[in-house]
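*Asks:* The following block contains a protein sequence and its predicted model.
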Amino acid sequence: MASFPYADVDSTQRAIAGQAEGFGRFAVGGLHGPLVTVTTLSDDGPGSLRDACRKPGPGWIVFKVSGTIRLSTYLSVDSHKTIDGRGERVKLTGKGLRLKECENVIVCNMEFEGGRGHDVDGIQVKPNSKHIWIDRCSFTDYDDGLIDITRGSTDITVSRCYFTQHDKTMLIGADPTHVGDRCIRVTIHHCFFDGTRQRQPRLRFGKVHLYNNYTRNWDIYAVCASVEAQIYSQCNIYEAGKKKKTFEFYTEKNHAY
């Protein structure tokens with residue numbers, strides 16, 4: 001008999017809360033808040049995702065519409081929120097999500113495509129955010145990163161996500177001078193990096209556990225570590241295309257990526 005993700009949970013909508021593996025396992029999102037329903041694809045206003053994300057207190061956000069939400073600015077997510085895209089197909093474009101100084105956030109079953117502008121990431125986690133779970137989302141074609149985790153953000157799991165058509169995929173650790181990123185702990189598992197050029201992930205400081213991921217057809221490297229980085233790579237598949245460099249380790253003086 002096949003084993004499916006979360007087969008041990010019941011059929012209630014919020015049963016996935018607390019089911020993350022790894023460092024983000026304590027994320028329960030908006031488990032203890034009301035159900036908040038998104039009813040429009042508008043960027044803002046009543047019934048919008050932006051309005052739901054800024055409501056005070058915990059909230060479990062679901063969708064009654066499918067389609068594309070064009071974000072004119074970053075969409076900030078407050079603490080104790082779940083953005084649950086199950087049951088509909090919702091794509092975010094233009095900008096992405098910003099998780100700033102928040103905790104207990106779950107983002108599930110969302111699509112991120114076509115983010116434009118300087119420093120625009122699909123999901124930007126900084127600074128000092130914790131207990132985050134990003135699960136079963138797809139990411140493609142942003143001007144900066146697909147997921148960035150920096151500036152003291154920690155206890156995060158990224159699971160069962162699909163990454164494609166992108167250059168600088170996932171940055172963990174801001175820069176070689178930010179020693180505050182020593183606290184970072186991230187788990188990445190069961191993800192598919194499909195033709196992304198580099199940074200699957202790229203790590204400074206911090207600790208990352210990689211397991212059961214599939215990475216193929218990268219360009220520069222698959223995984224990169226520098227400046228006190230600690231990576232535990234377990235049961236991953238790396239299928240090189242023209243490039244053969246899987247892991248890269250260097251000092252910041254020798255490389256700028």
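*Replies:* Good, I have the coordinates. Numbers count the residues shown, from 1 in each chain.
*Asks:* Residue 91: what's it in contact with?
*Replies:* 67, 68, 69, 110, 111, 112, 113 (C-beta atoms under 8 Å, 6 or more residues apart in numbering). Heads up, the C-betas are built off the backbone N, CA and C, glycines and all.
*Asks:* Most neighbours of all those, which one?
*Replies:* Sorting the contacts of residue 91 by how many neighbours each has (other C-beta atoms under 10 Å) puts residue 110 first, at 27 neighbours.
*Asks:* can you tell me how far residue 19 sits from residue 133?
*Replies:* 9 Å (C-beta to C-beta, to the nearest Å).
*Asks:* From the neighbour counts alone, determine which of these two ranks first.
*Replies:* Set side by side, residue 19 and residue 133 show more neighbours around residue 133, with 30 against 17, by other C-beta under 10 Å.
*Asks:* Help me confirm that the more buried one comes into contact with residue 105.
*Replies:* Yes: with contact defined as C-beta atoms under 8 Å, residue 133 counts as touching residue 105 (7.5 Å).
*Asks:* For residue 148, see how far away residue 225 is.
*Replies:* If you go by C-beta to C-beta, the gap between residue 225 and residue 148 works out to 16 Å.
*Asks:* higher neighbour count, these two?
*Replies:* When neighbours are counted by other C-beta under 10 Å, residue 148 comes out ahead of the other of residue 225 and residue 148, with 26 against 22.
*Asks:* Report the beta-bridge partner residues of the more buried one.
*Replies:* When assigned by DSSP bridges, residue 148 has beta-bridge partners residue 124, residue 171.
*Asks:* who touches it in this structure?
*Replies:* Contacts of residue 148 were listed using C-beta under 8 Å, 6+ apart, and they are 121, 123, 124, 125, 126, 170, 171, 172.
*Asks:* could the residues you listed go into TSV alongside pLDDT?
*Replies:* Written out in TSV, the entries for the contacts of residue 148 read as follows (pLDDT from 0 to 100):
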residue	pLDDT
121	97
123	98
124	98
125	98
126	95
170	98
171	97
172	98
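*Asks:* Pick out the most distant pair among those residues.
*Replies:* Within these, two members stand farthest from each other by C-beta to C-beta: 126 and 170, at 13.3 Å.
*Asks:* shared neighbours of the two, anything?
*Replies:* In terms of C-beta under 8 Å, 6+ apart, residue 126 and residue 170 are both contacted by the residues 148, 149.
*Asks:* where does the stretch 101-250 of the chain dip in pLDDT?
*Replies:* Counting by pLDDT under 70, the stretch 101-250 of the chain shows low-confidence ranges at 243-245, 249-250.
*Asks:* before we move on, back to that, more neighbours: which of residue 126 and residue 170?
*Replies:* residue 170 (30 against 18).
*Asks:* I figured that one hits residue 201, correct?
*Replies:* Yes: applying C-beta under 8 Å as the test, residue 170 and residue 201 come out as touching, 3.9 Å apart.
*Asks:* Residues that sit against both of those two, list them.
*Replies:* Common neighbours of residue 170 and residue 201, using C-beta under 8 Å, 6+ apart, are residue 188.
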